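**Student:** with the input below, show me the fold.
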Amino acid sequence: MKNTIKKGFYFKTYEAPFQSPFEKLFTIFKELITHTSGDFDEAIDWLRELDKEYKLTDSAYTIDDFIEDLKKKGYIREELKDDGTSGIGITAKTERAIRQQALDNIFGNLKRSGTGNHKTKHPGNGDEHTGEFREFYFGDGLERISLTESLRNAQINNGVADFMLTENDLVVEETQYKSQMSTVLMIDISHSMILYGEDRITPAKKVAMALAELITTRYPKDTLDILVFGNDAWTIAIRDLPYLKVGPYHTNTVAGLQLAMDLLRRKRNTNKQIFMITDGKPSCVREKDGTYYMNSNGLDEYIVDKCYNEAQQARKLHIPITTFMIAKDSYLQQFVNKFTESNQGKAFYTGLKGLGEMIFEDYETNRKKRIK
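**Tutor:** Residues are numbered from 1 along each chain as shown. Sure thing, here's the model as predicted:
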């Protein structure tokens, strides 16, 4: 009797992968610490409330045990607060863990690679192997010769008994240049990012952390600068992202664009781009005398014209701007359309859901082409 192999699908009840009590709580804690902008005490208060409602712990492992484990594992430390009292703050180890979780949540379908792998379509004397071979030409470097393939050719052409390796047997492996990208991510921290009962700054922070972790781990030859803009614009370090908060600011888009272009002028990479996450209209510019001109009522022609000028300046510098507008007001779309036209860049009108995937897809697309 012949054995037959049956093919098909086998369905069973989902079984979650095993997690220790610490791992379960730590996943929730990283999410909470992002929402509280690094405030450990507030995050733990929220965790205790969730524990009461959803029974996250038991007598064998309590929230207090979790806090002790955080200390032992180096995720938190004692520190002095601004008012001089002692408190607990998160460490660089936690900041890295938060960025990694953001990367897993937003770009979880990506596969890591050890070195930068943005490829152009142009073969040449690059540093990325393509797996394709061609015959050896005078001038090719000896380090590019594929020894295995060349010896195989020699065997086929000359036989084993009279084995000899000639120039006609040599083959080299094609390589490609790895294109490199310098990116500036602009994040709007004006007051409207938390208005109307919607937290828009936390998703923006998560996207920034995921993009930062993606670039530093998968594309280490690329550069990423992050700046925030309210009444003014300033850069922040990647490690500062979990602590980012919205301020009582207007939206000085011009200042953000000027700083972004100044940062990119200093980069040696040919490919440069600006990503801008914002939810509102530009409502502020700083005059030459240091005073601020502000107008939150509608689109002020004086302010938006300065935005258009900056968009055109970026175009002259071959810096495309991709705007992610977290708002769908028709008059704001008109502004973004004209702004994008001035720069010949791109614009996405999006809610908060899917923002990270959209930014990643655009980043990948731009990295596969040479921006001129």
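**Student:** count the residues that sit near the closest residue to Thr94 other than its chain neighbours.
**Tutor:** In space, and not counting its chain neighbours, Thr94 is closest to Tyr75: 4.6 Å by CB to CB, 6 or more residues apart in numbering. Just so you know, the C-beta spots here come from the backbone N, C-alpha and C atoms, and that holds for glycine as well. Tyr75: 21 surrounding residues under other CB atoms under 10 Å.
**Student:** excluding chain neighbours, what is closest to Glu357?
**Tutor:** Spatially, and ignoring its direct neighbours in sequence, Glu357 is nearest to Ile106 (6.8 Å; CB to CB, 6+ apart).
**Student:** then Asn153?
**Tutor:** Ranked by CB to CB, 6+ apart and with sequence neighbours excluded, the top spatial neighbour of Asn153 is Asp169, at 4.1 Å.
**Student:** try Tyr293
**Tutor:** Here the residue nearest Tyr293, using CB to CB, 6+ apart, is Val285, at 5.3 Å.
**Student:** in its sheet, what does the helix or strand that neighbour falls within sit against?
**Tutor:** Element membership for Val285 (DSSP states H and E) is strand 284-286. Within its sheet, strand 284-286 is paired with strand 292-294 (antiparallel), according to DSSP bridges.
**Student:** helices of the protein, start to end?
**Tutor:** Under the criterion DSSP state H, the chain contains helices at 21-35, 40-54, 63-72, 92-106, 147-158, 201-218, 253-265, 301-316, 330-343, 355-367.
**Student:** turn these into TSV, columns for mean pLDDT and mean neighbour count.
**Tutor:** Formatted as TSV, these follow (pLDDT from 0 to 100; neighbours: other CB atoms under 10 Å):
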stretch	mean pLDDT	mean neighbour count
helix 21-35	96	18
helix 40-54	97	15
helix 63-72	97	15
helix 92-106	93	19
helix 147-158	80	14
helix 201-218	91	22
helix 253-265	98	21
helix 301-316	97	17
helix 330-343	91	16
helix 355-367	84	18
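**Student:** how about the ones you listed in CSV, adding distance to Gly280?
**Tutor:** CSV is the format used below for the helices of the chain (distance: least, CB to CB, whole Å):
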stretch, distance to Gly280
helix 21-35, 21
helix 40-54, 27
helix 63-72, 37
helix 92-106, 23
helix 147-158, 59
helix 201-218, 12
helix 253-265, 9
helix 301-316, 12
helix 330-343, 8
helix 355-367, 16
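**Student:** phi and psi next, for Arg200.
**Tutor:** When read as degrees, to the nearest 10, the backbone of Arg200 gives phi -100, psi -20.
**Student:** and the closest residue in space to it that isn't next to it in sequence, what does it touch?
**Tutor:** Once flanking residues are discounted, Arg200 sits nearest to Met193: 4.5 Å by CB to CB, 6+ apart. Residues counted as contacts of Met193 (CB atoms under 8 Å, 6 or more residues apart in numbering) are Arg200, Ile201, Ala204, Val246, Asp279, Gly280.
**Student:** neighbours of the residue nearest to Met276 when sequence neighbours are not counted, how many?
**Tutor:** If the residues on either side of it in the chain are set aside, Met276 comes closest to Met186, at 4.3 Å by CB to CB, 6+ apart. Neighbour count of Met186, defined by other CB under 10 Å: 24.
**Student:** now do Asp58, the pLDDT please.
**Tutor:** As predicted, Asp58 sits at a pLDDT of 95.
**Student:** now swap in Asp39 and tell me
**Tutor:** pLDDT recorded at Asp39 is 95.
**Student:** name the nearest residue to it, ignoring sequence neighbours.
**Tutor:** Among residues not flanking Asp39 along the chain, Ile33 sits closest, at 7.7 Å (CB to CB, 6+ apart).
**Student:** ditto for Gly356
**Tutor:** Distances taken as CB to CB, 6+ apart put Ile106 closest to Gly356, at 3.4 Å, once the chain neighbours are dropped.
**Student:** kindly report the same for Asn168.
**Tutor:** Asn157 (7.1 Å).
**Student:** against Asp82, how distant is the residue nearest to Thr94?
**Tutor:** Separation of Tyr75 from Asp82 (CB to CB, to the nearest Å) stands at 22 Å.
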